[in-house]
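S.K.: Sequence and computational prediction follow.
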Amino acid sequence: MHLLALNAQIKKGALFVGGDLQLYSSNTTSTDSNPYTSKNKGIFFSPSIGWVVKENVVAGVSLLLSFNNNEQQNAFHQSKGNRIGG
């Protein structure tokens, strides 16, 4: 049996900086009676910053930025698109 105990304190007045970064890509091809292809790729970035207003209490902001590109095609239809935003 293993036991691990951690105790972290965030002191008042400290600056908190963090965020999230995600990258993705996918390619799909179907070869059944209705052939279909799909290509998707994108990036998500979410930086955050805050100030410790009271021990273990952070007030701050987080921003979400995303960039996506997709292409889809079957025997009857073709679609391409881009998305920029949060």
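M.R.: Looks like it came in fine. Numbering: from 1, shown residues only.

S.K.: which residues sit against stretch 69-78?
M.R.: The contact list for stretch 69-78, computed with CB atoms under 8 Å, 6 or more residues apart in numbering, reads 34-42, 79-83. For every residue, glycine as well, the C-beta is placed using N, CA and C.

S.K.: Among those residues, name the buried ones.
M.R.: For those, a burial check counting by 16 or more other CB atoms under 10 Å picks out residue 42.

S.K.: Residue 60: what's its closest spatial neighbour, skipping adjacent residues?
M.R.: Spatial nearest neighbour of residue 60, excluding adjacent residues (CB to CB, 6 or more residues apart in numbering): residue 50 at 2.1 Å.

S.K.: and the one you found, how many residues sit next to it?
M.R.: 17 (other CB atoms under 10 Å).

S.K.: My understanding was that it contacts residue 16; is that so?
M.R.: Yes - using CB atoms under 8 Å, residue 50 is in contact with residue 16, at 4.3 Å.

S.K.: anything in contact with each of these two?
M.R.: Common neighbours of residue 50 and residue 16 (CB under 8 Å, 6+ apart) are 58, 60.
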